[in-house]
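1. Turn this into a model:
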Amino acid sequence: MDPCPFVRLSVGNFALKFPVAAKPALTAVHPSSSPCFCKIKLKSFPGQTAVVPYIPPESNNLPEGNHPAISFHLSKSDLDRLTGKSSLFSKAKKPQLKISVYSGRRGSTCGVNSGRLLGKISLELDLAAAETRAVILCNGWINVGKETKNVAQFHLNVKAEPDPRFVFQFDGAPECSPQVSLIRGNIRQPVFTCKFNFRTSDRNQRSRSLPLEHSSGARGWLSSFGSERERPGKERKGWSITIHDLSGSPVAAASMVTPFVASPGSDRVSRSNPGCWLILRPGDGTWKPWGRLEAWRERGSADGLGYRFELIPDSAATGIVLADSTLSCSKGGKLVIDMNGNSNSGGGGATPRSAATSPGASPRGSGDYGYGLWPYCMYRGFVMSTSVEGEGQNGKTGPMVEVGVQQVACTEDAATFVALSAALDLSMDACRLFSHKLRKELCPSKDLQF
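-> Alright, predicted model coming up:
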């Protein structure tokens, strides 16, 4: 499998120092007690905001335990567009990274922004060599604001480095059992096939695409993570999808182990009682759990698909949360798992990207949301991203999955992320309001309503 070239643009190592009046006004907030912040913008990408630690003017020591870097993930087409190579008639150019630096806390009070703008910075980025090697584009202090004796100084580090990825795309909606192709430029190469099925309580009717499911080990895992028992009321249950390689061997699967059930008195799946998928990969003659995905329908004006994904390491007692966020039910969005911190993927376009990001620089334990389980996680850097269509788009475009090259050592590794993508996409349908009918592919033949 050949990866696609990507470049990670990281902006971090922030610090700010400026003189503070000896007797500040009573309404002023001292910067040491209220971190400053900056807003970062790259053309065609959603803007991002980062906290900036304040240090005294006389100090040159950067704060320890700095906040995660802001990241922009640039595909080959993004780079060509930013550098003017996307057209034969466009001139070569260098993109601008624009940063606005503020003192005081973020947010607004009575409609007025709380932060005070100190100044703006514009950095010219030379990304020509970043596809093949890491490049430091800026590292040091920059004067901010008017050129006076009491000028503020802003520290940052800007780095561009290669971050190649495997890119896969479903040739249709997962419930239609499509092929999955590896994408590189204009070349599409089929690498996997999918088989969507309904599990039933009758063993003779179980899907033949899950030959390992009948083993006692697999049944034990399914029963420990969820329940297939009949539940009163509206529910969607028994969905499963298996990923096969081109030889027909199963290499990954996603199985709905907890039904998606409408909460009492409503027609939506609530956060207090989410549906659950188990992401599986083969090993030792049976399916072994790799991850667990929970999903529900958020209430309120946002009306989003809430989700939570946790890794299930063999050596850890509890799971490690890698993603916990919300996607727009109407517009869809993108799940991104990135261990390096906050990120925006892709250029500005049709897909909303602000709805789902990774939870931070390190994963969280499912018990106390601490960081004690971090050593058990084998993933570093960019892990994966997947697109999800909103309701009513009818699977016109299958999910697009990006997987960091360093995360893939074998076919099963790649297939596991593809299975997770399928489960998240199907969760959008599973969390659809029960007052709405599903597509026929998602309805058992005996019941076309739920």
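
2. Grab the most central residue of the protein for me.
-> Centroid check for the chain by Cα atoms, centre = their mean gives residue 336 as the closest residue, at 1.4 Å.

3. Could you find the closest non-adjacent residue to that residue?
-> Excluding the flanking residues, the one nearest residue 336 by Cβ to Cβ, 6 or more residues apart in numbering is residue 385, at 4.4 Å. C-beta coordinates here come from the backbone N, C-alpha and C atoms, glycine included.

4. strand partners of the helix or strand containing that neighbour, parallel vs antiparallel please.
-> Under the criterion of DSSP states H and E, residue 385 resides in strand 382-388. Strand 382-388 has these partner strands in its sheet, going by DSSP bridges: strand 333-338 (antiparallel), strand 400-404 (antiparallel).

5. what is the mean pLDDT for it?
-> Averaging pLDDT along strand 382-388 gives 95.

6. measure the residue nearest to the centre of the chain to residue 73 for me?
-> Look at residue 336 and residue 73: by Cβ to Cβ, to the nearest Å, they are 8 Å apart.

7. now do residue 321
-> As judged by Cβ to Cβ, residue 321 and residue 73 stand 22 Å apart.

8. The two: which is more packed in?
-> Set residue 321 next to residue 73 and count neighbours by other Cβ atoms under 10 Å: residue 73 wins out with 22 against 18.

9. what helix or strand does that one sit in?
-> With elements taken from DSSP H and E, the one containing residue 73 is strand 70-75.

10. Relative to that strand, what are the paired strands and their orientations?
-> Applying DSSP bridges, strand 70-75 is found paired with strand 6-17 (antiparallel), strand 343-345 (parallel).

11. closest one to residue 325 among the ones you listed?
-> Nearest to residue 325 among these is strand 343-345 (12.3 Å), distances taken as Cβ to Cβ.

12. Who are the packing partners of whichever helix or strand residue 141 is part of?
-> For residue 141, the element it lies in under DSSP H and E is strand 135-144. If you count contacts as 3 or more Cβ pairs under 8 Å, 6 or more residues apart in numbering; DSSP states H and E, strand 135-144 packs onto strand 116-124, strand 152-162.

13. okay, these, which one's buried deepest?
-> strand 152-162 (a mean of 20; mean count of other Cβ atoms under 10 Å).

14. Let me see the contact set for residue 420.
-> 254, 279, 291, 293, 309, 384, 386 (Cβ atoms under 8 Å, 6 or more residues apart in numbering).

15. Go again with 7 Å.
-> Shown in contact with residue 420 (Cβ atoms under 7 Å, 6 or more residues apart in numbering): 254, 279, 291, 293.

16. Likewise for residue 198?
-> Neighbour list for residue 198: 238-239, 444 [criterion: Cβ under 7 Å, 6+ apart].

17. For it, give its distance to residue 294.
-> Residue 198 is 20 Å from residue 294, where distance means Cβ to Cβ.

18. picking that back up, farthest pair within the contacts of residue 420?
-> Farthest apart among the contacts of residue 420 by Cβ to Cβ are 254 and 291. That separation is 9.3 Å.

19. So which of these two has more stuff around it?
-> residue 254 (31 against 24).

20. Look up how far residue 99 lies from that one.
-> Between residue 254 and residue 99 the distance, using Cβ to Cβ, works out to 41 Å.

21. Likewise for residue 413?
-> Remark: distance between residue 413 and residue 99 (Cβ to Cβ) = 37 Å.

22. With neighbour numbers in mind, choose between those two.
-> Neighbours per residue (other Cβ under 10 Å) separate residue 413 from residue 99, with residue 99 holding more: 23 against 16.

23. My read is that the more buried one contacts residue 47, right?
-> No. If you go by Cβ atoms under 7 Å, residue 99 and residue 47 don't touch, sitting 10.2 Å apart.

24. overlap in contacts of the two?
-> residue 40.

25. Compare the helices and strands packed on strand 135-144 and give me the one nearest residue 174.
-> Among those, the nearest to residue 174 by Cβ to Cβ is strand 152-162 (30.8 Å).

26. quick one: the biggest helix by length in the chain to strand 400-404, angle?
-> The residue-count maximum for a helix in the chain (DSSP state H) belongs to helix 411-430. Interaxial angle, helix 411-430 versus strand 400-404 (axes from the mean of the first three to the mean of the last three Cα atoms, to 10 degrees): 140 degrees.

27. taking the mean pLDDT, what do you get for helix 411-430?
-> For helix 411-430, the per-residue pLDDT averages 97.

28. Next: stretch 125-140.
-> On average, stretch 125-140 scores 92.

29. could we number from 53 for the rest of this?
-> Sure, I'll start counting at 53 from here, so that last one is stretch 177-192.

30. what sits against residue 306?
-> Neighbour list for residue 306: 292-293, 329, 331, 471-472, 474-475 [criterion: Cβ under 7 Å, 6+ apart].

31. Mind doing that once more with 6 Å?
-> 293, 329, 331, 471, 474-475 (Cβ atoms under 6 Å, 6 or more residues apart in numbering).

32. Residue 132 should be in a helix, yeah?
-> Yes. Counting by DSSP: H, G, I helix; E, B strand; the rest coil, residue 132 is part of a helix.

33. what's the burial count for it?
-> By other Cβ under 10 Å, the residues close to residue 132 number 14.

34. tell me the pLDDT at it?
-> Confidence score, pLDDT, at residue 132: 89.

35. what about it, distance to residue 439?
-> As judged by Cβ to Cβ, residue 132 and residue 439 stand 21 Å apart.

36. again, but for residue 152
-> Distance of residue 152 to residue 439, given as Cβ to Cβ: 30 Å.

37. now do residue 93
-> Look at residue 93 and residue 439: by Cβ to Cβ, they are 23 Å apart.

38. who has more neighbours, the two?
-> residue 439 (24 against 15).

39. okay, and the common contacts of residue 306 and residue 343?
-> Counting by Cβ under 6 Å, 6+ apart, the common neighbours of residue 306 and residue 343 are residue 331.

40. So what would you say the end-to-end distance of stretch 233-246 is?
-> One end of stretch 233-246 to the other measures 11 Å (Cα to Cα, to the nearest Å).

41. Go through it and flag the buried ones.
-> Buried residues in stretch 233-246, counted by 16 or more other Cβ atoms under 10 Å: 233-236, 243-246.

42. Show me where the stretch 303-452 of the chain has its strands.
-> Taking DSSP state E, counting those that start in this stretch as the test, the strands found in the stretch 303-452 of the chain are 312-313, 327-335, 338-349, 356-363, 372-380, 385-390, 395-397, 416-417, 434-440, 452-456.

43. Those: which one's closest to residue 70?
-> Closest to residue 70 of the strands of the stretch 303-452 of the chain is strand 395-397 (Cβ to Cβ; 28.5 Å).

44. how far away is the closest residue to residue 221 other than its chain neighbours from residue 362?
-> By the measure of Cβ to Cβ, 6+ apart, the closest residue to residue 221 outside its immediate chain neighbours is residue 452, 4.9 Å from it. Distance, residue 452 to residue 362, using Cβ to Cβ: 23 Å.

45. Fine by me, we can end here.
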